[in-house]
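Chemist: Got a sequence here, can you model it:
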Amino acid sequence: MTAISQATQCLSSLRNIEASLSAIARLSKNEESIKTLYSAILAVNKTAENVEKRMEQLKQETCH
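Modeler: Numbering: from 1, shown residues only. Predicted structure coming up:
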């Protein structure tokens, strides 16, 4: 498996985690839990953005 395909798989997993956390937050009644979940969503989103940036770097490296 290439680095790009691994990164793609990782990104997909991160987006699924984001969606799951968001669904749980929408169902939660506890304000503290909601805040914690949204904080986790932001952290996962930031990680996903970093993976996307790295994927672009990898794509450029393979083109050269």
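Chemist: Which helix or which strand is home to Ile17?
Modeler: Ile17 is located in helix 3-27, with elements delineated by DSSP states H and E.
Chemist: tell me the mean pLDDT for stretch 26-37?
Modeler: Averaged across stretch 26-37, the pLDDT comes to 97.
Chemist: Can you name the residues in contact with that stretch?
Modeler: For stretch 26-37, contacts defined as CB atoms under 8 Å, 6 or more residues apart in numbering pick out Leu21, Ser22, Ile24, Ala25. C-beta here means a position set from N, CA and C on the backbone, and glycine is covered the same way.
Chemist: got a pLDDT number for Glu61?
Modeler: 88.
Chemist: Could you list the buried residues of the one helix or strand it maps to?
Modeler: Using DSSP H and E, Glu61 sits in helix 31-63. Buried residues in helix 31-63, counting neighbours by 16 or more other CB atoms under 10 Å, are found at Leu37, Ala40, Ile41, Val44, Ala48, Val51, Met55, Leu58.
Chemist: buried ones in the helix holding Ile17?
Modeler: Buried-residue list, helix 3-27, by 16+ other CB under 10 Å: Ala7, Thr8, Leu11, Leu14, Ile17, Glu18, Leu21, Ala25.
Chemist: could you give the angle of that helix to helix 31-63?
Modeler: Helix 3-27 runs at 160 degrees relative to helix 31-63, counting by axes from the mean of the first three to the mean of the last three CA atoms, to 10 degrees.
Chemist: related to what we said a few turns ago, could the contacts of stretch 26-37 be laid out in TSV, adding distance to Thr2?
Modeler: Output for those, formatted as TSV (distance: CB to CB, whole Å):
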residue	distance to Thr2
Leu21	29
Ser22	30
Ile24	33
Ala25	34
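Chemist: Which pair of those spans the longest distance?
Modeler: Spanning the widest gap among these are Ser22 and Ile24, at 7.3 Å by CB to CB.
Chemist: related to what we said a few turns ago, distance to Met1 for the buried residues of helix 3-27 - can I get that in a markdown table?
Modeler: Putting the buried residues of helix 3-27 into a markdown table (distance: CB to CB, whole Å) gives the following:
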| residue | distance to Met1 |
| --- | --- |
| Ala7 | 10 |
| Thr8 | 10 |
| Leu11 | 14 |
| Leu14 | 17 |
| Ile17 | 20 |
| Glu18 | 23 |
| Leu21 | 27 |
| Ala25 | 33 |
